[in-house]
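K.L.:
no sequence on hand, only this structure:
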């Protein structure tokens, strides 16, 4: 690896200290798969990258969330310092894994670490008879996934739709539950994570009645006919969602699946 010259600096995180710039020295990266005991290092890097997400989390949040799940994790270390992390985790669909928590410390970016770790993970996934890995990449990983790792990104495939509260969708104010629908509720917003039943005007009324302070409600769908139906209820397309996948068996069945917000680790 080439030498990198930076002034040395350290900053305090809620879990301890983590370097913000590199010492002036040669960098030797060691890459390996996850081992029991790496949890603290992963949490430290998670805090460094996603500070706002973990300010309210307690130490050990990573283990509690992932220790019982089937997963493949690859790590890159600079001596004892975790510089990069990539993971896939099993979903409710057999043979389908979610790509998540792509993390590289800012001082170690543009060194090919994500590509190296993803290659390690995918080689192991093939040997483990995993069918598909999918995800919702950000701008930092999109290029490597699409140009170097052979991910497929279908055009105009997945949409987020949103509806605003109106007087005419608040008729049933006594409703206390909505069957076959799981939501994540905020003070002024409701995300429909998954829905097993057809969403009609009555369901919209019930969702807002259960969340009286909410002013907006949103969901994801990749069914274009369903998009048209929802728009007749007053939903509008808020944005297109970047969705991609890689299949190790050339199985494209994932394109026929009903993809909803619950497929993402963000929600």
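P.N.:
Yep, it's here. Computed from a predicted model, the values in this text were never measured in an experiment.
K.L.:
CA only for contacts and neighbour counts going forward, please
P.N.:
Will do.
K.L.:
domain parsing of the protein, as residue ranges.
P.N.:
The chain breaks down by automatic domain parsing into domains covering 3-148, 158-241.
K.L.:
list the buried residues in stretch 192-208.
P.N.:
The neighbour-count criterion (16 or more other CA atoms under 10 Å) identifies 192-195, 203-208 as the buried residues of stretch 192-208.
K.L.:
so what's the gap between that stretch and the chain middle?
P.N.:
Computed by CA atoms, centre = their mean, to the nearest Å, the chain-centroid distance of stretch 192-208 equals 24 Å.
K.L.:
what pLDDT, on average, does it get?
P.N.:
Per-residue confidence for stretch 192-208 averages out to 88 on the pLDDT scale.
K.L.:
likewise stretch 142-162?
P.N.:
Taken as a whole, stretch 142-162 has an average pLDDT of 94.
K.L.:
same deal with stretch 34-41?
P.N.:
Taken as a whole, stretch 34-41 has an average pLDDT of 91.
K.L.:
please renumber the chain so that the first residue is 597 from this point on.
P.N.:
From this message on, residue numbering opens at 597, which makes the last subject stretch 630-637.
K.L.:
list the buried residues for that stretch?
P.N.:
Those buried within stretch 630-637 under the rule 16+ other CA under 10 Å are 630, 635-637.
K.L.:
that older thread, export the domains of the chain as CSV, with columns for distance to residue 856.
P.N.:
Listed next are the domains of the chain as CSV, based on distance: least, CA to CA, whole Å:
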stretch, distance to residue 856
domain 599-744, 12
domain 754-837, 5
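K.L.:
and which of the buried residues of stretch 788-804 is nearest residue 671?
P.N.:
The nearest member of the buried residues of stretch 788-804 to residue 671, counting by CA to CA, is residue 789 at 30.5 Å.
K.L.:
quick one: the closest one from residue 706, how far?
P.N.:
When CA to CA, to the nearest Å is the yardstick, residue 789 and residue 706 sit 35 Å from each other.
K.L.:
equivalent analysis for residue 729, please.
P.N.:
Distance of residue 729 to residue 706, computed by CA to CA: 23 Å.
K.L.:
which one of those two has more residues nearby?
P.N.:
Using other CA atoms under 10 Å as the criterion, residue 729 and residue 706 rank with residue 729 on top: 24 against 10.
K.L.:
okay, now the unreliable bits of the chain?
P.N.:
Counting by pLDDT under 70, the chain contains low-confidence residues at 597-622, 648-654, 763-774, 863.
K.L.:
and the helices in the stretch 747-863 of the chain?
P.N.:
When assigned using DSSP state H, counting those that start in this stretch, the helices of the stretch 747-863 of the chain occupy the ranges 797-806, 820-828.
K.L.:
between the ones you listed, which one is nearest to residue 753?
P.N.:
Nearest to residue 753, of the helices of the stretch 747-863 of the chain and by CA to CA, is helix 820-828 at 8.3 Å.
K.L.:
residue ranges for the strands of the stretch 747-863 of the chain, please.
P.N.:
Using DSSP state E, counting those that start in this stretch, the strands of the stretch 747-863 of the chain run over residues 754-760, 777-781, 785-791, 812-817, 832-837, 840-843.
K.L.:
quick check: buried residues in the lengthiest helix in the chain?
P.N.:
The helix spanning the most residues in the chain, taking DSSP state H as the definition, is helix 709-723. Of the residues in helix 709-723, those buried by neighbour count under the rule 16+ other CA under 10 Å are 709-711, 713-718, 721.
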